[in-house]
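Engineer: Sequence first, predicted model second:
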Amino acid sequence: MKLLKKILVALFILFIVAQFFRPEKNDGNLESVNAFLAETNPPENVKAILKESCFDCHTSASRYPWYNAITPVNYWLAEHINDGKKHLDLSNWEGNSVKRKDHKFEEIIEMVEQKEMPLPSYIWTHSEAQLSESQIQAVIDWANQVRLGYALAPRPE
């Protein structure tokens, strides 16, 4: 029993010390998505969906929940956000080619249509991010419209 008590005390001390080490926060501002919003011109209902269901992981402006103050949860969230931005970073939209932008919208359609986005783990803690069938359709319709614009855009030779 003494060994178990020593292990628990050591783990508790380790947990307390770990609280002093935190990953870098993704706390830019939503102005970083202005170029994306201006170019893709989502209707207000889609803009609200993007803000509620996408921007935390796919922009440089994440809203952090209270439990982000707890290590190791904050590392898990940071990895989640970094991975999301690696796949689609709406804050750095301008630097992409038309071909890449079109491809990203193709992926958006696929992921939303198959209900792979937003991630289930995100929905567990952000129930408001759960998309209804009409919201899914609104995002898909908007994304197809954007893709049509990219298809008609002149491409560099």
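Structural biologist: Noted; the coordinates are in hand. Numbers count the residues shown, from 1 in each chain.
Engineer: Show the pLDDT at the residue nearest to V146 when sequence neighbours are not counted.
Structural biologist: In this structure, V146 finds its nearest non-sequential neighbour in T40, 4.9 Å apart by CB to CB, 6 or more residues apart in numbering. Where C-beta positions appear, they are placed from N, C-alpha and C, glycine not excepted. For T40, the pLDDT comes out at 92.
Engineer: what's the burial count for T40?
Structural biologist: 21 (other CB atoms under 10 Å).
Engineer: following the helix or strand containing A48, which helix or strand shows up next?
Structural biologist: Under the criterion of DSSP states H and E, A48 resides in helix 44-53. Sequence-wise, the next helix or strand downstream of helix 44-53 (DSSP H and E) is helix 55-58.
Engineer: Extract the CA atoms of the helix or strand containing L14 and return them as PDB.
Structural biologist: In the assignment (DSSP H and E), L14 maps to helix 2-18. Only the C-alpha atoms of helix 2-18 are listed here, as PDB (Å, rounded to 0.1, in the frame of the first residue of the first chain):
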ATOM      1  CA  LYS A   2       2.900   2.400   0.700                       C
ATOM      2  CA  LEU A   3       4.200   1.900  -2.800                       C
ATOM      3  CA  LEU A   4       0.800   2.800  -4.300                       C
ATOM      4  CA  LYS A   5       0.600   5.900  -2.100                       C
ATOM      5  CA  LYS A   6       4.100   7.000  -3.200                       C
ATOM      6  CA  ILE A   7       3.200   6.500  -6.900                       C
ATOM      7  CA  LEU A   8       0.100   8.500  -6.500                       C
ATOM      8  CA  VAL A   9       1.900  11.400  -4.700                       C
ATOM      9  CA  ALA A  10       4.600  11.300  -7.400                       C
ATOM     10  CA  LEU A  11       2.000  11.500 -10.200                       C
ATOM     11  CA  PHE A  12       0.200  14.300  -8.400                       C
ATOM     12  CA  ILE A  13       3.400  16.300  -8.100                       C
ATOM     13  CA  LEU A  14       4.200  15.600 -11.800                       C
ATOM     14  CA  PHE A  15       0.700  16.800 -12.700                       C
ATOM     15  CA  ILE A  16       1.200  20.000 -10.800                       C
ATOM     16  CA  VAL A  17       4.600  20.700 -12.300                       C
ATOM     17  CA  ALA A  18       3.200  20.000 -15.800                       C
END
